[in-house]
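*Asks:* the following comprises the amino acid sequence and a computationally predicted model.
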Amino acid sequence: MAHGETDTATARLSELGAFLRNYPVKSAAGHSYISAEPRATPAAPALPYNPNVENHIRACAQEITQHTLAANPDAGPLPDKVAAYYDWMRENTAHASEEDQFRAEVIEYRQWLEHCLRAGDNETVRKQVRRQPCPACGCWGLMWMRELREAYCTNTECTDRDGFSTHLSLSRLAHAHVTSRRNLRQARAT
Ligand SMILES: [Zn+2]
């Protein structure tokens, strides 16, 4: 799912995967998470091996696999190449329930935000947050807080039961984003 022309969860995950090109990751079952195939264009400046990136990709792969297989037990194994993960999930949930398709979209968008943050790109996430109305009050005053990895609503009337300003996790932001995107799609189709 494109969030810009070329800025997709697939592109971001592939960038992260390129960090690990020289360190193929294998699961206990011998499944390779990261393709060791060389790319046509050389990867950006060599970055040191980073176990956090490896863990991040493993966690994403696991979430994609779990959701897809729960929605469609006939999906088969997750492809080896990280660049094929999201296509695999989309293709294999295309005939799943509306709820499972929605959840797949939320996972992809949330993981895209997580890939951005993992790569140190706070700015893209901040811009995405500013582009989204608050799901609690509908105002356009969401602010991104890098340290907490959360957004909060600047509308002083928009508070929780204890009077604290509304805070939104990445999951809740993704849920709200996909909901508005679907509403927009529906409105255009009618
Ligand atoms: Zn609000």
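*Replies:* Cool, the structure landed.
*Asks:* what distance do you get for the spatially most central residue of the chain to the ion?
*Replies:* Centroid-nearest residue in the chain: Gln111, 1.6 Å away (criterion: Cα atoms, centre = their mean). Gln111 sits at a distance of 25 Å from the ion (criterion: Cβ to the ion, to the nearest Å). The way it works is simple: take the backbone N, C-alpha and C, and place the C-beta from them, glycine included.
*Asks:* helix or strand: which one has that residue?
*Replies:* With elements taken from DSSP states H and E, the one containing Gln111 is helix 98-118.
*Asks:* tell me which other helices or strands that helix touches.
*Replies:* Applying 3 or more Cβ pairs under 8 Å, 6 or more residues apart in numbering; DSSP states H and E, one finds that helix 98-118 contacts helix 9-19, helix 51-71, helix 85-93, helix 122-130, helix 170-189.
*Asks:* dump the ones you listed to CSV, plus mean neighbour count, distance to Glu99 and mean pLDDT.
*Replies:* CSV is the format used below for those (neighbours: other Cβ atoms under 10 Å; distance: least, Cβ to Cβ, whole Å; pLDDT from 0 to 100):
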stretch, mean neighbour count, distance to Glu99, mean pLDDT
helix 9-19, 21, 20, 82
helix 51-71, 17, 9, 92
helix 85-93, 19, 10, 95
helix 122-130, 16, 24, 95
helix 170-189, 14, 12, 93
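*Asks:* wait, which of those helices is closest to Ala136?
*Replies:* helix 170-189 (9.1 Å; Cβ to Cβ).
*Asks:* which residues are contacting the closest one?
*Replies:* Residues from elsewhere that reach helix 170-189 (Cβ atoms under 8 Å, 6 or more residues apart in numbering): 102, 105-107, 109-110, 113-114, 128-129, 132-133, 135, 149-151, 168.
*Asks:* among the residues you listed, name the buried ones.
*Replies:* 102, 105-107, 109-110, 113-114, 128-129, 132, 135, 150-151, 168 (16 or more other Cβ atoms under 10 Å).
*Asks:* which two of those residues have the greatest separation?
*Replies:* The most widely separated members of those, counting by Cβ to Cβ, are Phe102 and Glu150 (22.2 Å).
*Asks:* wait, a helix at Gln132?
*Replies:* No: per DSSP: H, G, I helix; E, B strand; the rest coil, Gln132 lies outside any helix segment and is coil.
*Asks:* and it, what does it touch?
*Replies:* 142, 173, 176-177, 180.
*Asks:* got JSON lines for the residues you listed, with distance to Glu98 too?
*Replies:* Below are the contacts of Gln132 laid out as JSON lines (distance: Cβ to Cβ, whole Å):
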{"residue": "Leu142", "distance to Glu98": "27"}
{"residue": "Leu173", "distance to Glu98": "21"}
{"residue": "Ala176", "distance to Glu98": "17"}
{"residue": "His177", "distance to Glu98": "17"}
{"residue": "Ser180", "distance to Glu98": "16"}
